[in-house]
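S.K.: how does the following fold in three dimensions:
(chains A and B)
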Amino acid sequence: MNEWIVLLEIILPAFYGLPLLIKEIKEKNKEIMILYVGILFISLAILNIFAFSGENKILQNDILFEISPSLRATLWILLIFGFLFIYEIIASNGSHTKVISALTLLSGSLMLIYTSIPFTNSLLIKKSLIHSILPLIGLETMTISSIGLYFYEKETSIEALIKYILTILISSSFIVMGIFLFFTETNVEYILPVATAFLITGISMEIGLVPFHMWLPDVTVGAPSYSVAYSILVGDTSLILFLAIFSVNLYKIIHASFIAIMVLLALFSMSIGEISALSQKIPRRMLGYSIISDAGYIIVGVIAESILQMTDPWMISFFVVTSNIAISSLYIIFGSLEQNNKPINSNQLSGLFVRQPMTAILLSIFFLSMAGIPPFAGFYAKLFILSYLMETFEYWLGYIAAFFFLVCVSYSLLIIFKVASEGEGANIKNKEIFLPLYFACIFLIVLGLWPDLFYILGGL
Amino acid sequence: MDIKILLESILFLPFIASSLILILGKYFKRKICEIFSVITGLLTFSLTTYLVTFQKSIKHYIVIREFSNFFFQLPFANLEFFIDWLTLVMLFIVSLIGLIIIIYSIGYMHESKDYVRYYALILLFIFGMIGLVISGNFFLLYMFWEIVGFCSFSLIGFWYMRPKASRAGIKAFITTRIGDTLMLAGIILLYLNTGTLSLVELSQRITGIPTSSLNMILLLLFAGSVGKSAQFPLHVWLPDAMEGPTTVSALIHAATMVKAGVYLVARLEILLFIYAGLQPSLISMFSNTVLFIGIFTSFLAASIALTQYDVKGVLAYSTISQLGYMFTTLGLVAFITPSLAIDSCVTHLANHAIFKALLFLAAGCVIHSIEPILGLEVSRDIRYMGGFAKKMPSVTISFLFGALALAGFPPFNGFWSKDLIMENIIKTFEKVPILSIIFILTSLLSVIYILRVTYIIFFSKPEKSFKIKNPPKVMTLPLIFLSLLTIISPFIFQTLFNEITFIEIPSYYSLTVSTSILCIALLIVYLLYVKRPWQNIFSNRFLSSLWNILFNAFFIDYFYEHYALPALKWSFTEVAYSLDLLINRLIENISTLGFWLSKTLRKTHSGRIFTYISMYILGLLILLISSVIWRWIP
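M.R.: Take a look at the predicted model:
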């Protein structure tokens, strides 16, 4: 791997956004903007190809950036769908600030993905400060850019943003505290569980695991839908993968405390996420809770992979990618259906199948995939989680996860029935937003029929 | 020719032909379809004969797993052929009878407009049957078993516009499904116990199964045979299956498909006793069940056949009875040498295929000739027949040959095989005398019912005289050929398959018993139907009631339709309703609880930042405490 090219790949999106601040470019039309962003993503794809071919060049004595096949597969998907969702921001008349924030978020996200393996190795084995700081930089970059993405001149949005900022501030302090404790040399036996608790609490707050989840539904309802969609796809995915890689290695050192923390987080998130989603009237809020429960399932997957000592988190990558693509696409649909910037409620979806059949079909497919119904990719995602869990003989956790999968199916079907029922409601007027939706839909179907595609993307 | 290519050709030729006829048949004239079908049948038979002639030297068996074309590697299971003498006998019979039936069909079905469907299904059936007998593993065998079942269902209901035919098709399908489902359970259990379904691998691993499990598996597999071979209590579909064209009755419901059940049991016994070397006493529960079902069915069906007026009905019950003989023989493994029991069963299976096909085809000629005058329903009733010997001499001789073979008159093929069975049964007389008595009684009934039918149709004086048309040569030639075979087939089979005893000089005891049976039966038929001094015998109250019971097939069908099925339907409905109610209540309560919980949780999400921060700190505390405490929990 050529670390110079990787470094360029990481910083390029952040700097590439800066010219957009220039007035002349800012006032250009949508097509030019899309073309401009398109060139960046083509460059990133080329850099990504070159980064993994040719000589092995590293920036310093210890490797700073490292990537596994599953992360590489995820990276490709993030690049493709990252572009499509930025296209969506531009098509939905999102301001240039949103585009700049999105690109900066991508930089932070790439930083986090590329540094997760070296960070884990350094923190648990070598205790290298530089390796511990790099993902922190990535995390903070993501946080700052998210503020830009979530900002919206609306009372509820600003309130949600304040909650987000406060949460992230606390989370960052916990993460720093956790890393600091990992560097402590005295009373390692007692300090390590505490350090783990701090670090995992910090990351859990960023992901939105219960009981650190309360900011998430507020933000998903308050922030613009396209920002939420992009943020979930790029930000949430990289954060979860970071946690997964770190956790699998952590298990080797302190498995008892690790299992305690992870099981609690998983149980809380699955149950409270799914049960809270069940009675929501606003679909965007429902999806917010669904993200929380999905994070719970991912923690279940992390437990399974940790016990099975699978260093490359294929199952988690597959789950998070398929789940986040479906949820992000749903945010785009719900956002486009809104009128006067007011979140729609589920009753407004009635009759959508008659009024806009294509929108209804897309919405149903995304919900079905999210619920884990074959032949969509979500089915394999949930199947992998359960089958790996069964291999670890943690059957009870598998039964609980399966039960909450059913709850997810029930509220997904409730929405689909609502869409198919008669009634008057909202319509999508901006037809430009369909492009990423079509791609997402095709991707979920193809991956559902041919899951090996994910391995191919990972270079296997 | 390489054996792989040879087997592939034998198997896939009928399938390709069937597909071609189905797709392109409507674009061609009837004649082309007919010639194409005959050529396919002829080629299949020629290749089979070639295979049989050149594989006589098979010591035990040949297994073929690698194929010339990768298309033959099925995605769901490995295509695997298993060839031994039993396979070769079955293959020869299926291809021979198949060819004869196709030729005969040219005349018999010449008025049917739906010839494309007919020939496509017949060829598909031949494909299924060939596949079934050459399958090297149980999964593949089950697949072909179902293909054969589907063809049977489609051909019974060939004239689906007639409610009776359509109903009969459905009845056959559902009845055999009971057996098939149990058989599938047996296959699954077999796999769970041995980890394989391949016959070769099973021959090495089957002895490792505990005796009780093995008996259970074999009984479940036998349930499939009971359904397919129409044995009690699943025999009720076969008489109704006669609603299909007579050619179908001859090919599928007399000569080949119904033999699949016998084949399966024979295959299992060869696998267990000859290849795996298992002691018959270990699976006595299975062999005794086969024996009991076989002997009981043969007696039951023979007694019913005595009273029937539908010529195809008599032949159908006769088939059930003869299949019962075969199962009886297979069930004798606990008393005589297994190879002897299997040999005598296979001998009778081969001979029965020939004489029963002949009987059906000859009856088909008679029905075909009077059908335009009397209509479809009445044309099968023997009370409206009579004097056909003068009108159709060639058909009369053919039917007579078939009847004499069935009755076991020397030198017809039935004589040799029946004598073999008789000898084996007599050997068990000391241990189970009742078995010999029932068998002798059944043999007597068999001779009576077949001679009764023969006399009434061909030699009795008709009540009404019809002017009928003689069947075309394309129908009579197969009859003549089959008639010839009823005499020479044992010799041909003996030459082709020298591992089995098709011809054996009868012992004194069996010959005496057989001859006595024939004489008594002749006398009874003479007294009852020819000279009729006993014609008023059935006015006796007891005999009249007995006749009524037999005529209604012991009211088994009536019992199924009026008591068993409604009871089953009622209990299933009640159970389903109760379950439905239980599940609905459960779901309702769970969903109510879920929504209540959800609403309660919503209240905790107040939107106040202070609450959020409190929750974060609480969460951290919980994780900190649990991470530390958990270390001391073992």
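S.K.: all helices for the stretch 251-400 of chain A, in order.
M.R.: Secondary structure of the stretch 251-400 of chain A by DSSP state H, counting those that start in this stretch: the helices cover A:255-278, A:283-307, A:314-337, A:352-355, A:357-371, A:377-391, A:395-420.
S.K.: near chain B at all, the longest one?
M.R.: Same thing as helix A:395-420. Yes. Using CB under 8 Å from any CB of the partner chain, helix A:395-420 reaches chain B at A:Val407, A:Ser410. C-beta: built from backbone N, CA, C; applies to glycine.
S.K.: between that helix and helix A:255-278, how many degrees?
M.R.: Angle between the axes of helix A:395-420 and helix A:255-278 is 20 degrees (criterion: axes from the mean of the first three to the mean of the last three CA atoms, to 10 degrees).
S.K.: please identify the buried residues of helix A:395-420?
M.R.: Neighbour-count burial for helix A:395-420 flags A:397-398, A:400-401, A:404-405, A:407-412, A:415-416, A:418-419 (criterion: 16 or more other CB atoms under 10 Å in any protein chain shown).
S.K.: what is the neighbour count of the closest residue to A:Leu413 other than its chain neighbours?
M.R.: Distance criterion CB to CB, 6 or more residues apart in numbering or on different chains; nearest residue to A:Leu413, sequence neighbours excluded, is A:Ala371 at 7.3 Å. Neighbourhood size, A:Ala371 [other CB atoms under 10 Å in any protein chain shown]: 24.
S.K.: now do B:Ile492
M.R.: Neighbours around B:Ile492, by other CB under 10 Å: 15.
S.K.: okay, and the residue lying closest to B:Ser460 once chain neighbours are set aside sits in which element?
M.R.: Of all residues not flanking B:Ser460 in the chain, B:Gly386 sits nearest, at 4.3 Å (CB to CB, 6+ apart). If you go by DSSP states H and E, B:Gly386 is not part of any helix or strand.
S.K.: for B:Gly386, grab phi and psi.
M.R.: In terms of degrees, to the nearest 10, the main-chain angles of B:Gly386 are phi 140, psi 150.
S.K.: what residues does it make contact with?
M.R.: B:Gly386 makes contact with B:Ile456, B:Ile457, B:Phe458, B:Phe459, B:Ser460, B:Lys461, B:Pro462, B:Glu463 under the criterion CB atoms under 8 Å, 6 or more residues apart in numbering or on different chains.
S.K.: what is the helix ranked longest in chain A packed up against?
M.R.: Counting residues, the longest helix in chain A under DSSP state H turns out to be helix A:155-182. For helix A:155-182, the packing partners by 3 or more CB pairs under 8 Å, 6 or more residues apart in numbering or on different chains; DSSP states H and E come out as helix A:129-150, helix A:188-207, helix A:215-222, helix B:609-629.
S.K.: residues of the last one that come out buried?
M.R.: Counting neighbours by 16+ other CB under 10 Å, one finds that the buried residues in helix B:609-629 are B:Tyr612, B:Met615, B:Tyr616, B:Gly619, B:Leu620, B:Ile622, B:Leu623, B:Leu624, B:Ser626, B:Ser627, B:Val628.
S.K.: which positions in the stretch 51-200 of chain A make contact with chain B?
M.R.: Counting by CB under 8 Å from any CB, the stretch 51-200 of chain A sits next to chain B at A:159, A:162-163, A:166-167, A:170, A:174, A:190, A:193-194, A:196-198, A:200.
S.K.: and which of the residues you listed is nearest to B:Phe502?
M.R.: Each of those was checked against B:Phe502 using CB to CB; the closest is A:Ile200, at 81.0 Å.
S.K.: what pLDDT is listed against the residue nearest to B:Ser460?
M.R.: For B:Gly386, the model assigns a pLDDT of 81.
S.K.: can you list contacts of stretch A:357-376?
M.R.: A:290, A:322-323, A:326-327, A:329-330, A:333, A:337, A:349, A:352-353, A:377-379, A:381-383, A:405, A:408-409, A:412-413, A:415-416, A:419-420, A:428, A:434, A:437-438, A:440-441, A:444-445, A:448-449.
S.K.: which of these count as buried?
M.R.: Neighbour counting by 16+ other CB under 10 Å classes A:290, A:322-323, A:326-327, A:329-330, A:333, A:337, A:349, A:352-353, A:377-379, A:381-383, A:405, A:408-409, A:412, A:415-416, A:419, A:428, A:434, A:437, A:440-441, A:444, A:448 among the contacts of stretch A:357-376 as buried.
S.K.: chain A versus B:Ile367, what's the distance?
M.R.: B:Ile367 is 52 Å from chain A, where distance means CB to the nearest CB, to the nearest Å.
S.K.: residues contacting the residue nearest to that residue when sequence neighbours are not counted?
M.R.: Excluding the flanking residues, the one nearest B:Ile367 by CB to CB, 6+ apart is B:Ser379, at 5.0 Å. Residues in contact with B:Ser379 (CB under 8 Å, 6+ apart) are B:Ile367, B:Ile370, B:Glu371, B:Ile373.
S.K.: what does B:Phe12 give?
M.R.: B:Phe12 sits in contact with B:Phe127, where contact means CB under 8 Å, 6+ apart.
S.K.: helix, strand or coil: sort out it for me.
M.R.: On the three-state scheme (DSSP: H, G, I helix; E, B strand; the rest coil), B:Phe12 is labelled helix.
S.K.: so, low pLDDT: which residues of the chain?
M.R.: Because you didn't say which chain, this covers chain A. Scanning chain A with the threshold set as pLDDT under 70 gives A:23-28, A:126, A:185-188, A:255.
S.K.: please go with chain B instead
M.R.: By pLDDT under 70, the low-scoring segments of chain B are B:1, B:56-59, B:66-78, B:534-535, B:630-634.
S.K.: ok, which stretches of it are strands?
M.R.: Counting by DSSP state E, the segments of chain B that form strands are B:62-64, B:81-83.
S.K.: I'd like those strands as JSON lines, with distance to chain A and mean neighbour count appended.
M.R.: Formatted as JSON lines, the strands of chain B follow (distance: least, CB to the nearest CB, whole Å; neighbours: other CB atoms under 10 Å in any protein chain shown):
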{"stretch": "strand B:62-64", "distance to chain A": "32", "mean neighbour count": "16"}
{"stretch": "strand B:81-83", "distance to chain A": "32", "mean neighbour count": "23"}
